[in-house]
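Peer 1: test case, fold it:
(one chain, ligands or ions: 3)
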Amino acid sequence: MVQTLRLLLGDQLSSRMSSLRDLDPARDVVMLAEVAAEATYVRHHKKKIAFLFAAMRAFAADLDARGVRVRYVKLDDPDNAGSLEAELARAVKTLRPREIVLTEPGEHRLAGAMADWELGVPVEVREDTRFLCPHAAFHTWAQGRRQLRMEYFYREMRVAHGLLLDEGKPTGGRWNFDAENRKPARADFFMPQPPRFEPDARTRDVLNLVAHRFPDHFGDLEPFWFGVTHEHAEQAFAHFLREALPRFGDYQDAMLVGEPFLYHAVISMYLNAGLLDPLDVCRRAEAEYRAGRAPLNCVEGFIRQVLGWREYVRGIYWLHGPNYVHENALGAARDLPWFYWSGDTEMACLSAAIGQTKREAYAHHIQRLMVTGNFALLAGIDPHQVHEWYLAVYADAYEWVEAPNTIGMSQFADGGTLASKPYAASGAYIDRMSDYCGHCVYDVKQKNGPQACPFNYLYWDFLARNRTTLANNPRVAPMYRTLDRLSEERRAEIARDAAEFLAQLK
Ligand code: FAD
Ligand code: DLZ
Ligand code: SF4
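Peer 2: Numbering: from 1, shown residues only. Ligands and ions are numbered 1, 2, ... in the order given. Now for the predicted structure:
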């Protein structure tokens, strides 16, 4: 008889999961299940499914080698029951455990479903201790605050975890070196590439399965180069520390044609699936600064992303209920244009960001925020459709992190809970931070007319359309003063160009 059946979800691939805390290999069984319900709640990128299944299989093999009894259900198992609940029911029937233990999932969808599970044995759901800010601590921090600004949360996290502190004060005399992190990159820079891992026989099996079962999902399955084990993720992170961290900060906001990764870490899919530990990566980045191998602005910038943004967006996600993903403060209602799936657009910035998303299931933050996100915001695309796109297309996408970034930061659909102003920008921003415009059929310097960069007139049209909601925002008010200084003729031109452009979006 089995004492405890311990379920590990596909993004819980760490031996430090709370669900494994008191594992007794003599009496317990650890279960992992590839199920259609999780693989299709959005039409995930093929690389994302392949990454998770291959990593799940590798982790299960690792547990097995350590003497743990593992029940692993493959997607093509003829008895596969299709959902986590149905698979647990099948396991309960066969193994007759006294209890089921699992770590909370990262989404309201699954948490809500679990509350209704009827499995005939007690189910214990434990907190996910991989995160550095427990739910209760975030609630306490948020209570009574009018504004939940990341910067203040981040400072408290630095103190709580003793990162980049000298005698209780921020190292270098400042908490935040972001002002130094906005340099455009040049195409002739040396670009470190993330390490690529040759698929082994186990991963090849998964690639065949995904090719066969999900042919109509978005994205290119091959070449598949993601790491799928803790050792791979470790190698990828060590490579980042050595090769890219010393320039990470400076070029954090830069974009270049043909350079999808620049100096970014490319570790979010590993962190989010449990293959890397967030506190460990922060400590090791700090050690690079202390050893004189990476400058403070780069190390602080990296730690801010992981200790600050990553924990903060998760706190915001759980603070808001399941309806957060349906918020639409600006009443945006246009359908997501088809080119988000095909990449087929003449706008070079969008074509580059979407093209690499298709190929790699990866785009870095500024591409997500200031290219695909900015365009959707300016064009008034329904934020829920935008949210479902981001949730599907990136290898690192889970709702706890994707939704606040999309609904809150990128689309301003939560009315400013997360961001103090909309991340809306004209073509000039993209031109300053990238070399995309030099490859575009549109002219970024032209403000109106058929050759003008669409971001230029859409930007002003966005402000004009959303005046009632945004004009009183102190951070946007100066832009309304500029808009109001434009001649009537110019404003009519903006409205006409925007209407014509938006009318042909399909
Ligand atoms: P780097 O730029 O090297 O940063 C290092 C790490 O910091 C990342 O691996 C990540 O764990 C963390 N990080 C950085 N920015 C953020 C952020 N804004 N929120 C949370 N963590 C952050 N990130 C996801 O992990 N999953 C998502 O589904 C996701 N969706 C996004 C959707 C939109 C619209 C936007 C604007 C951002 C989204 N992000 C998401 C945040 C960010 O873009 C990615 O974490 C980052 O691009 C991952 O690449 P990297 O590992 O090279 O990150
Ligand atoms: C994303 C995903 C996919 C594609 N497939 C599975 C799966 O087959 N089995 C599983 O346990 N988990 C999978 N996941 C991850 C879950 O969807 C994830 O645990 C929830 O979204 C909560 O974060
Ligand atoms: Fe994008 Fe406009 Fe530049 Fe073309 S000109 S790449 S559309 S910002």
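
Peer 1: now the element after the helix or strand of the chain with the lowest mean pLDDT, going C-ward?
Peer 2: Every helix and strand in the chain was compared by mean pLDDT, DSSP states H and E; the lowest is helix 245-248, with a mean of 93. Going down the chain from helix 245-248, the next helix or strand is helix 268-273, by DSSP states H and E.

Peer 1: picking up where we left off before, ok, the least confident helix or strand of the chain near ligand 1 or not?
Peer 2: No - judged by C-beta under 6 Å from any ligand atom, helix 245-248 stays clear of ligand 1, getting no closer than 6.5 Å. The C-beta positions use only the backbone N, C-alpha and C, and glycine is treated the same way.

Peer 1: what's near enough to touch the nearest residue to Pro295 once chain neighbours are set aside?
Peer 2: Leaving aside its sequence neighbours, Pro295 sits nearest to Pro246 (C-beta to C-beta, 6 or more residues apart in numbering; 6.6 Å). Contact partners of Pro246, counting by C-beta atoms under 8 Å, 6 or more residues apart in numbering, are Glu288, Arg293, Ala294, Pro295, Cys298.

Peer 1: any idea which of the residues you listed has the most stuff around it?
Peer 2: Cys298 (25 neighbours; other C-beta atoms under 10 Å).

Peer 1: that older thread, show me which of the contacts of Pro246 is closest to Asn472.
Peer 2: Cys298 (37.5 Å; C-beta to C-beta).

Peer 1: pLDDT at that closest one, what is it?
Peer 2: Note on Cys298: pLDDT of 95.

Peer 1: how much space separates it from Glu286?
Peer 2: Taking C-beta to C-beta, to the nearest Å as the measure, Cys298 and Glu286 are separated by 11 Å.

Peer 1: what parts of the stretch 1-150 of the chain come near ligand 2?
Peer 2: Contacts of the stretch 1-150 of the chain with ligand 2, taken as C-beta under 6 Å from any ligand atom, map to 9-11, 33-35, 38-39, 44, 49, 52, 84, 105-107, 110.

Peer 1: try the chain
Peer 2: Residues of the chain lying near ligand 2 by C-beta under 6 Å from any ligand atom: 9-11, 33-35, 38-39, 44, 49, 52, 84, 105-107, 110, 398.

Peer 1: so which of those residues sit within strands?
Peer 2: When the residues of the chain next to ligand 2 are checked against strands (DSSP state E), the matches are Ala33.

Peer 1: list the buried residues for the host helix or strand of Ala89?
Peer 2: Per DSSP H and E, Ala89 falls inside helix 84-95. By neighbour count on 16 or more other C-beta atoms under 10 Å, the buried set for helix 84-95 is Leu84, Glu85, Glu87, Leu88, Arg90, Ala91, Val92.

Peer 1: return the closest of those with respect to Leu486.
Peer 2: Of all the buried residues of helix 84-95, Leu486 sits closest to Leu84, with 55.3 Å by C-beta to C-beta.

Peer 1: that older thread, only C-alpha atoms, please: export whichever helix or strand comes after the helix holding Ala89 in PDB.
Peer 2: As assigned by DSSP H and E, the chain's next helix or strand after helix 84-95 is strand 99-103. Extracted in PDB, the C-alpha atoms of strand 99-103 (Å, rounded to 0.1, in the frame of the first residue of the first chain):
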ATOM      1  CA  GLU A  99      -3.300  10.800   0.800                       C
ATOM      2  CA  ILE A 100      -2.300  13.000  -2.100                       C
ATOM      3  CA  VAL A 101       0.200  15.800  -1.600                       C
ATOM      4  CA  LEU A 102       1.100  18.500  -4.200                       C
ATOM      5  CA  THR A 103       2.400  22.000  -4.400                       C
END
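
Peer 1: off-centre distance for strand 99-103?
Peer 2: Counting by C-alpha atoms, centre = their mean, to the nearest Å, strand 99-103 is centred 27 Å from the centre of its parent chain.

Peer 1: tell me which strands that strand pairs with, and in which orientation.
Peer 2: strand 4-7 (parallel), strand 123-126 (parallel) (DSSP bridges).

Peer 1: tell me which residues of it come out buried.
Peer 2: Ile100, Val101, Leu102, Thr103.

Peer 1: and stretch 461-477, by the same measure?
Peer 2: Asp461, Phe462, Leu463, Ala464, Arg465, Asn466, Thr469, Leu470, Asn473, Val476.

Peer 1: just the ones of the residues you listed in helices?
Peer 2: Counting by DSSP state H, those place Asp461, Phe462, Leu463, Ala464, Arg465, Thr469, Leu470 in helices.

Peer 1: okay, those in TSV with distance to ligand 1 and pLDDT next?
Peer 2: Output for those, formatted as TSV (distance: C-beta to the nearest ligand atom, whole Å; pLDDT from 0 to 100):
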residue	distance to ligand 1	pLDDT
Asp461	21	98
Phe462	17	98
Leu463	21	98
Ala464	24	97
Arg465	21	97
Thr469	20	95
Leu470	19	97
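
Peer 1: of those residues, which pair is most distant in space?
Peer 2: Asp461 and Thr469 (14.5 Å).

Peer 1: who are the packing partners of the helix holding Ala89?
Peer 2: Using 3 or more C-beta pairs under 8 Å, 6 or more residues apart in numbering; DSSP states H and E as the contact test, the elements touching helix 84-95 are strand 4-7, strand 29-33, strand 70-73, helix 108-115.

Peer 1: take the ones you listed and write them to CSV, including mean pLDDT and distance to ligand 3.
Peer 2: Formatted as CSV, those follow (pLDDT from 0 to 100; distance: least, C-beta to the nearest ligand atom, whole Å):
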stretch, mean pLDDT, distance to ligand 3
strand 4-7, 98, 45
strand 29-33, 98, 43
strand 70-73, 98, 46
helix 108-115, 96, 34
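
Peer 1: kindly reformat these as TSV containing distance to ligand 1 and mean neighbour count.
Peer 2: TSV is the format used below for the helices and strands packed on helix 84-95 (distance: least, C-beta to the nearest ligand atom, whole Å; neighbours: other C-beta atoms under 10 Å):
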stretch	distance to ligand 1	mean neighbour count
strand 4-7	23	24
strand 29-33	22	24
strand 70-73	26	18
helix 108-115	15	15
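
Peer 1: gap between Glu327 and Thr406?
Peer 2: Counting by C-beta to C-beta, the gap from Glu327 to Thr406 is 11 Å.

Peer 1: who touches both of the two?
Peer 2: Jointly contacting Glu327 and Thr406 under the rule C-beta under 8 Å, 6+ apart are Pro383.

Peer 1: how about the nearest residue to Leu221, chain neighbours excluded?
Peer 2: Lys46 (4.1 Å).

Peer 1: list the residues that contact the one you found.
Peer 2: Contacts of Lys46 (C-beta under 8 Å, 6+ apart): Val210, Ala211, Phe214, His217, Phe218, Gly219, Asp220, Leu221.

Peer 1: thought the fourth one was touching Arg43?
Peer 2: I take that to be His217. Yes - between His217 and Arg43 there is a contact at 4.8 Å, judged by C-beta atoms under 8 Å.

Peer 1: list the contacts of Trp117.
Peer 2: Glu85, Leu88, Val123.

Peer 1: and ligand 1, which of the residues you listed contact it?
Peer 2: Among the contacts of Trp117, proximity to ligand 1 is found for none (C-beta under 6 Å from any ligand atom).

Peer 1: give me the contact list for the host helix or strand of Leu241.
Peer 2: Secondary structure from DSSP H and E places Leu241 in helix 230-243. The contact list for helix 230-243, computed with C-beta under 8 Å, 6+ apart, reads 62, 192, 194-195, 197, 226-227, 248, 265-267, 270, 275-276, 281, 284-285, 288, 294.
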